[in-house]
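Q: With the input below, show me the fold.
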Amino acid sequence: IVEVMFHTEKESVLSAELPPIVDMEVTYTEPGIKGDTASTNSLKPATVNTGATIKVPLFINTGDKIRVDTRTREYYERIK
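A: Numbers count the residues shown, from 1 in each chain. Model prediction:
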């Protein structure tokens, strides 16, 4: 849920607040390589359904659902 406040006289956005964690789907990333582990030390770029690009662990593949921290725009966890 996104909360948005408008200034009614000028119809302009005063503020918008996102939830701290959102669920997204990876729409593109290079495929994982056999033997990639659950380690988050090595990261690769991934595009999510909003068009944003974030860094994800090597084991994440296109079509995976992940959680993203909206405050830092970083990978949080994979949704099983």
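
Q: can you give me the strands for this structure?
A: 3-7, 12-17, 21-29, 43-48, 53-57, 65-69, 74-79 (DSSP state E).

Q: Straight-line length of stretch 60-75, end to end?
A: 10 Å (CA to CA, to the nearest Å).

Q: most remote residue from this structure's center?
A: Glu9 (34.3 Å; CA atoms, centre = their mean).

Q: What distance do you get for that one to Glu17?
A: 21 Å (CB to CB, to the nearest Å). In short, each C-beta sits where N, CA and C put it, glycine included.

Q: so what's the spatially most central residue of the chain bridging to?
A: Note on the chain: the residue nearest the mean C-alpha position is Val68, at 3.8 Å, using CA atoms, centre = their mean. Assessed by DSSP bridges, Val68 has beta-bridge partners Val22, Tyr75.

Q: got it, and Pro45?
A: Here Pro45, judged by DSSP bridges, has bridge partners Lys55.

Q: okay but it is in contact with Leu58, surely?
A: No - applying CB atoms under 8 Å, one finds Pro45 not in contact with Leu58, separated by 11.3 Å.
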